[in-house]
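Undergrad: Quick one, structure for this:
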Amino acid sequence: MTSADGAKHWTIPNDNTIKVNCDAAIFEATNCYSFAFVARDHRGEVLKARSKYNLGNITLESVEAMGVREALSWIKDSHLSNVFVETDCLVVVQAIRGRGATLSYFDRIIDECKSSDLKDRNVDVKFVKRSTNMVAHFLAKSIISLADRIWRVSDNHPRFIDVLMNDLIHE
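TA: Below is the predicted model of the structure:
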């Protein structure tokens, strides 16, 4: 970990900077998993939120890595720079920062995260505490009842707004 890791509360990013929070969930009873990300600008406004739900039995670390990979792909496709990707999965952050053998499914996802060629655009993946990641956590957990979707700023699901506003209050 670095001194930039471990934030306990979500804060609005600096001017001309974007924060993307990622989280994942496993639903053992239904043999499913989900991941989500929420991107917000320096005013705290949601730029994009995405949630994805799939059938399958994979490790939570792999699902967390899939969420980060999805966020990095969106950042790359959107030609964004000055972005902090935050996840509460330390294993994923350490794997992205480290060098290791690529043998497992998890390792292949991490390789895709590393190969996203975003360093020249000032994109960094950081570890944060779960309390910092509540909006992405809500999306990942609630997807089972809301179906896969891309959330738009005009969406006003009451619980999503409550969690988002609670994040802003605790900055």
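Undergrad: what's the longest helix belonging to the chain packed up against?
TA: Assignment by DSSP state H gives helix 60-77 as the longest helix of the chain. The contact analysis (3 or more Cβ pairs under 8 Å, 6 or more residues apart in numbering; DSSP states H and E) places helix 60-77 against strand 18-27, strand 32-40, strand 46-55, strand 83-87, helix 90-97, helix 105-114, strand 123-127. No exception for glycine: its C-beta is placed from N, CA and C like everyone else's.
Undergrad: per-residue confidence averaged over it?
TA: Here helix 60-77 scores 95 as its mean pLDDT.
Undergrad: cool, stretch 12-19 as well?
TA: 94.
Undergrad: Of all the residues in it, which ones are buried?
TA: 12, 13, 18, 19 (16 or more other Cβ atoms under 10 Å).
Undergrad: just these now: which is nearest residue 35?
TA: residue 19 (16.8 Å; Cβ to Cβ).
Undergrad: how much space between the closest one and residue 105?
TA: 28 Å (Cβ to Cβ, to the nearest Å).
Undergrad: before we move on, what about residue 47?
TA: 30 Å.
Undergrad: which outside residues touch stretch 67-78?
TA: Residues from elsewhere that reach stretch 67-78 (Cβ atoms under 8 Å, 6 or more residues apart in numbering): 20, 22-24, 35-37, 39, 48, 50, 52, 83, 85, 87, 92, 96, 109, 112-113, 116-118, 121, 123, 125, 136, 140.
Undergrad: so how far is stretch 79-92 from its chain's centroid?
TA: 7 Å (Cα atoms, centre = their mean, to the nearest Å).
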